[in-house]
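S.K.: pasting the structure only:
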DNA sequence: CGCAATTGACTGCCTGGGCAATGGTTGCCA
DNA sequence: TGGCAACCATTGCCCAGGCAGTCAATTGCG
């Protein structure tokens, strides 16, 4: 039933540790790509979130990225100053500020996306397609499991 | 040959995004376990690194966790103040400070480890053993791929 | 042997994110 | 209808971590 045991548990087989390292190293590898365009990885994530229609407001972005709401305000501030997004008060709900990508914002987001795609494709040279698909599938499942646990914890 | 395409790429199939979310959510779920023992997740990682014999000095810990050297100094400061580790000047290389776990430090590390194991086992209820093993295997492979790219980049 | 490059530990500085509190707005429901 | 909870956006505060630079000790190479 139980998967991990006290004697076998170690960094190399810990999902938490592996996720941490993959995130850390991946981040540091890809960051130069963003830096070349003058933005941060988090900013790009936010742009993509808006571009993909997953988010239309500040709060949406924060939720979609599991990012702090306060930090998101400042994130949008920076992107607005760079002329990548615009804020406009929603007419139907005056609490909300709708975010929209400018032409520049969309262009930057897509340029970065294409570079990122190319970077991952290069990195994954030597992997079987089936392996990658399996990895993505299992990581999605893990993400779902964690998400469920989180919302369950929130309810309790 | 290429795995990702411009039309199909999206957050849900991006390994970077998945790793980020898994790391973030996993971290926030497990953090209370550490908080109950009065330490942080990073501190526990460092303790485990020493306990497992993967690190014997401050620099070792920094390397093993891909953690900033400066931050590691302060991390060890905190753990020393809590009485979990001791620093002692190495006799053969007087630059080095050898780190050793105290009885308290070891006890805390192991208590947390056991709780983490239990937490993951609970979380993974409903997963097939083979699935978990496959996921770990593929994440290890990804970690290795990224590590290689990193050291390669360092050399260039 | 001697000098340059490297390494370990540490420090100051700065940025970015987590957290809590606030003000304004809306929906709900007694 | 009045009041209350939820929600959006924003701000101030604090802390951890990344970065660059310092000092001492060590290694390596000509």
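M.R.: Perfect, thanks for sending it. Source: prediction; values computed, not measured. Residues are numbered from 1 along each chain as shown, chains lettered A, B, ... in the order given.
S.K.: And the helix or strand of chain A with the lowest mean pLDDT, what's buried?
M.R.: The weakest-scoring helix or strand in chain A, judged by mean pLDDT, DSSP states H and E, is helix A:129-155 (a mean of 88). Of the residues in helix A:129-155, A:131-132, A:134-136, A:138-139, A:142-143, A:145-146, A:149-150 count as buried by neighbour count, 16 or more other C-beta atoms under 10 Å in any protein chain shown. Using the backbone N, CA and C atoms, a C-beta is placed for each residue, glycine as well.
S.K.: repeat for stretch A:60-75
M.R.: A:60-62, A:64-65, A:67, A:72, A:75.
S.K.: residue boundaries of the strands in chain A?
M.R.: Residue ranges of the strands in chain A, as given by DSSP state E, are A:85-89, A:97-101.
S.K.: returning to that earlier point: taking the buried residues of helix A:129-155 together, which two end up most distant?
M.R.: A:131 and A:150 (28.3 Å; C-beta to C-beta).
S.K.: So which bits of chain A are right by DNA strand D?
M.R.: A:24, A:57-60, A:69-70, A:72-74, A:76-77, A:87, A:95-97 (C-beta under 7 Å from any atom of the strand).
S.K.: just those residues now: which is nearest residue B:101?
M.R.: Closest to residue B:101, out of all of the residues of chain A next to DNA strand D and judged by C-beta to C-beta, is residue A:24, at 24.3 Å.
S.K.: quick one on the thing from earlier: is the least confident helix or strand of chain A positioned near DNA strand C?
M.R.: No: using C-beta under 7 Å from any atom of the strand, we find that helix A:129-155 stays clear of DNA strand C, coming within 12.0 Å at best.
S.K.: where does residue A:10 land on pLDDT?
M.R.: As summarised for this prediction, residue A:10 has a pLDDT of 86.
S.K.: Quick check: the gap between it and residue B:143.
M.R.: 14 Å (C-beta to C-beta, to the nearest Å).
S.K.: With residue A:74 instead?
M.R.: 32 Å.
S.K.: wait, isn't residue A:121 in contact with residue B:4?
M.R.: Yes: at 5.7 Å, residue A:121 counts as touching residue B:4 under the criterion of C-beta atoms under 8 Å.
S.K.: Which one of these two is surrounded by more residues?
M.R.: residue B:4 (21 against 14; other C-beta atoms under 10 Å in any protein chain shown).
S.K.: Which residues are in contact with the nearest residue to that one once chain neighbours are set aside?
M.R.: Closest residue to residue B:4 apart from its sequence neighbours, by C-beta to C-beta, 6 or more residues apart in numbering or on different chains: residue A:117 at 4.5 Å. Shown in contact with residue A:117 (C-beta atoms under 8 Å, 6 or more residues apart in numbering or on different chains): B:4-6, B:9.
S.K.: so what's the spatially closest residue to residue A:135 that is not a sequence neighbour up against?
M.R.: Nearest residue to residue A:135, sequence neighbours excluded (C-beta to C-beta, 6+ apart): residue B:138, at 4.1 Å. Contacts for residue B:138 were tallied using C-beta under 8 Å, 6+ apart; they are A:131, A:134-135, A:138.
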